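Peer 1: Got a predicted structure plus its sequence, pasted below:
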Number of protein chains: 4
Amino acid sequence: MKPVCLVIGAGAGIGGNVGRRFAKEGFHAVLCRRSDEEGLQRLVAAIEDDGGTASGFLMNAIKPDAIEERVAQVERDVGPIEVAVFNLGAQIGNRTLAETSYKQFEMGWQLATFALFRLASAVLPHMVDRGQGTLLVTSATAAVRGNAGQHSHAAAMGGRRMLCQTLNAEFAPKGIHVAHILIDGAVDAPDTLGKMLGAERFQKLRETRGGESDGLMLPERMADTYFHVSQQHRSAWTHELDLRSFSDLAWWNH
Amino acid sequence: MKPVCLVIGAGAGIGGNVGRRFAKEGFHAVLCRRSDEEGLQRLVAAIEDDGGTASGFLMNAIKPDAIEERVAQVERDVGPIEVAVFNLGAQIGNRTLAETSYKQFEMGWQLATFALFRLASAVLPHMVDRGQGTLLVTSATAAVRGNAGQHSHAAAMGGRRMLCQTLNAEFAPKGIHVAHILIDGAVDAPDTLGKMLGAERFQKLRETRGGESDGLMLPERMADTYFHVSQQHRSAWTHELDLRSFSDLAWWNH
Amino acid sequence: MKPVCLVIGAGAGIGGNVGRRFAKEGFHAVLCRRSDEEGLQRLVAAIEDDGGTASGFLMNAIKPDAIEERVAQVERDVGPIEVAVFNLGAQIGNRTLAETSYKQFEMGWQLATFALFRLASAVLPHMVDRGQGTLLVTSATAAVRGNAGQHSHAAAMGGRRMLCQTLNAEFAPKGIHVAHILIDGAVDAPDTLGKMLGAERFQKLRETRGGESDGLMLPERMADTYFHVSQQHRSAWTHELDLRSFSDLAWWNH
Amino acid sequence: MKPVCLVIGAGAGIGGNVGRRFAKEGFHAVLCRRSDEEGLQRLVAAIEDDGGTASGFLMNAIKPDAIEERVAQVERDVGPIEVAVFNLGAQIGNRTLAETSYKQFEMGWQLATFALFRLASAVLPHMVDRGQGTLLVTSATAAVRGNAGQHSHAAAMGGRRMLCQTLNAEFAPKGIHVAHILIDGAVDAPDTLGKMLGAERFQKLRETRGGESDGLMLPERMADTYFHVSQQHRSAWTHELDLRSFSDLAWWNH
């Protein structure tokens, strides 16, 4: 039975590419995303074309029990989740305080903070039983600084980062590795950035950033680091790291 | 008409002492706390004995509209809220992930993050209309590092800090000062620490820490800094500061 | 005998204004600066006109023993240094790595890091003997993030901040308060910013920033916070705080 | 001609193991260390036994021109330095301020901060000419928090971290990757920790930490991450990361 890499938030950007990378390395990828059955099946097919195996599920993560039941089902029917990738975003663009509704603020927390708590609560006990496992958490610059208009996103991501720290503090001694991966730049991801900008502006950004089509962050290359972190020996774990393109200023610079 | 200092979370520790200090400086203190009508009235009476004025309200902050209606009523009937002090805690002690229920995790967010968002949404527009105002936010070490057992508290406080930053980024240019005050130590507060420890252990801690009854953080002295920050000229504002006792290690040391 | 406030780096900006403020509060101000005897005497005279007392010394801080001998002389002849203000800057403008000479890099360290170590080594033992004292350290954004062109300045200021932390860790339990005050913006200081920009550009900046002559940070208002920090009760000390104008973005935003 | 991995500070711990790892991947390793010709030759021989190539040099890094001349000679005679590893430590154990001499404080800066500036000044122009290159900087917890007794070490490492940031800000757009690798724990390194503790205590620590000989950080496993970071695609670079053992608390916890 193959070990499983469970990806929560498996679009055509980071999540899908990370799943594909783990599948190449011998994992069975379980890909969960909210919508776009067709896109999901394309991802599964691409993995199978590479000689790997994968399953795809549409899942509304904020629905009660959705994450919990998926974890239980995979552990029961598919295989041990050795790596869980939490990749839900909660960016809603810049809005003033007046434009940020209570519902939006809560939704940010549901997706970015609480869903991670739920995933951790569901999957970490299995990992503890096995004495090992990795939880890779995609995070955002908003986890470490709050810019204007980011009320919902930054509050939620700030919670995400602190939660990663409390998880590590409790679970590292049990052999479980939780890593907070701060994505500090624009990702070449048609499902998220592409949709936010629209097709035309997205293509223009792709063409104008950097010299050789790599001014945006390339998710298949980001996946290299996700995989590496999951393979670090337990005597040399990274808990917090950032990723950005050479063409971008770090968030602390301006 | 006196300017108002509204305190959300006005127990016998930081909140009550900050209210008292502002009352001494000519503000009308509006003190809100969840329970203990008697304690609340003692605070109001103490302020009046000092020659100040105050009103007290029992308020369950997580009840929908409780904060919003209080702000509206005070602005309408009492006076302009020049200073709002957000002082709700969300510490529930150390609990493992398994011991932290979804409800507790959400409650942390309701109290520590969402209630601040609600207060800001209610009160900042009034301040913007007046071109000035101060929002003082009591925060905790858990806002900057997640210790074992602090899943709910740290996630909520991490969100609180990022929210303070996004508020500042939007409202500082409008003349509104938001300050994140990180309390990095044990406060001599019978209503919170005292209850958590029990009367006997609390008294013992008081006696054994430091030499001259000041090993615990004295809330009336902390109030000096709350008041100072509210009085900073807008050309020299502090947005983030810490407070700890000389007898405590900073959170970054061990 | 009056307590002494010793200011290392007492120009017409922060240093001079902080000295003046302490003099108003009953301290004897000892003002040290590298050059401009006339400017120094104007500061002393202004303090005396306010009814205070001050002494002024020209001092090249990087000269061996200059700081050490001044501390010894003041303690011996003038009074106990209750507050020391370390206010030496080391900004040399933006230079590429190729444009930053070894000598400039070392000079940054001499002024911004080593001179603080020397001041601490000289003055803290006196404070320890008295069981109290305050060391206020002016610092810069470069202490927490390294921007392009700031090789010398950022390396030196990063060292300054860490040194403040190690000093606090050792001396707080002995009753000595060390505070790192991060100045995150442009100060209305003719001796430093004014000289860097030239008179004309400086005046223009003054006029265009903010609405009421307070778009630049006003050093006499910054001095309010320096004084407040020195007066904090030892049960409620601030070790790190920032200061910026309402009209400036915090360093973590852009 | 093989690409070169130049290691400044190549003892039997991180430096030697990183050099060995790069040699396995096809680099010629140039190993520089202050003393122990025999240990140096053992490292070279071990690399050659693995089928790699290496050169070893004794070098006193603080001697003027020592780093600069080595870089020039390697670039001229050996091959292009594609990866430079800066691995000089500056830990001198815990000393009070009174016990920390000016000379020791300066030595910390010479080794931990200035030597990096010199290496960067010497090697980065070559990398810029080639449009690529990596500078991996070993750093320490003292770069982000100053503990009691660490005056020299923390000031120097704080400077090191800020310098990495300014280097990245200037050189990332030119295709040069600078990474700050924060080692947050005790490394199983006989040349440094072993000497500091003495043979007996070191062996005891090795045996008592963790279960399977991996309670200390294993430098050959740390080298995996050094190598990975050097291979990151330029659209997905890490600039700051930490490494610690599963058995250690992160520096921000206690």
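Peer 2: Cool, got the structure.

Peer 1: CA atoms for contacts and neighbours, from now on please.
Peer 2: Will do.

Peer 1: residues from the stretch 151-254 of chain A in reach of chain C?
Peer 2: A:251-254 (CA under 8 Å from any CA of the partner chain).

Peer 1: Produce a PyMOL select command limited to the buried residues of the residues you listed.
Peer 2: Of those, the buried ones go into a single PyMOL selection, burial set by 16 or more other CA atoms under 10 Å in any protein chain shown:
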select buried, chain A and resi 251+252+253
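
Peer 1: Which of the residues of the stretch 151-254 of chain A next to chain C fall in helices?
Peer 2: Of these, none are assigned to helices by DSSP state H.

Peer 1: Report the entries of the residues of the stretch 151-254 of chain A next to chain C that also contact chain D.
Peer 2: Restricting those to those near chain D - CA under 8 Å from any CA - leaves residue A:253.

Peer 1: Nearest to residue A:133 among the residues of the stretch 151-254 of chain A next to chain C?
Peer 2: Within those, the smallest distance to residue A:133 is 30.3 Å, found for residue A:251 (CA to CA).

Peer 1: What does the closest one show for phi and psi?
Peer 2: phi -60, psi -30 (degrees, to the nearest 10).

Peer 1: Could you pull up the contacting residues of it?
Peer 2: For residue A:251, the contact set (CA atoms under 8 Å, 6 or more residues apart in numbering or on different chains) comprises A:141, A:184, C:252.

Peer 1: Sort out which one of these lies nearest chain B for me.
Peer 2: Closest approach to chain B among the contacts of residue A:251 (CA to the nearest CA): residue C:252, at 8.9 Å.

Peer 1: Check the gap between that closest one and chain A for me.
Peer 2: 6 Å (CA to the nearest CA, to the nearest Å).

Peer 1: Would you map the strands across the stretch 101-250 of chain A?
Peer 2: Assignment of strands within the stretch 101-250 of chain A using DSSP state E, counting those that start in this stretch yields the ranges A:133-140, A:176-183, A:240-243.

Peer 1: Just the mean pLDDT for the shortest one, thanks.
Peer 2: Translated: strand A:240-243. Averaged across strand A:240-243, the pLDDT comes to 98.

Peer 1: ok, now stretch A:98-116?
Peer 2: Averaged across stretch A:98-116, pLDDT comes to 98.

Peer 1: Any chance of TSV for the contacts of residue A:251, columns distance to chain B?
Peer 2: Shown next, in TSV, are the contacts of residue A:251 (distance: CA to the nearest CA, whole Å):
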residue	distance to chain B
A:141	11
A:184	16
C:252	9
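
Peer 1: near chain B, which residues of chain A show up?
Peer 2: Counting by CA under 8 Å from any CA, the residues of chain A close to chain B are A:96-98, A:102, A:105-106, A:113-114, A:118, A:121, A:142-152, A:154-170.

Peer 1: Phi and psi next, for the residue of chain A positioned farthest from its centre.
Peer 2: Going by CA atoms, centre = their mean, the residue of chain A most distant from its centre is residue A:98, 29.3 Å out. The phi/psi pair for residue A:98 (degrees, to the nearest 10) reads phi -60, psi -30.
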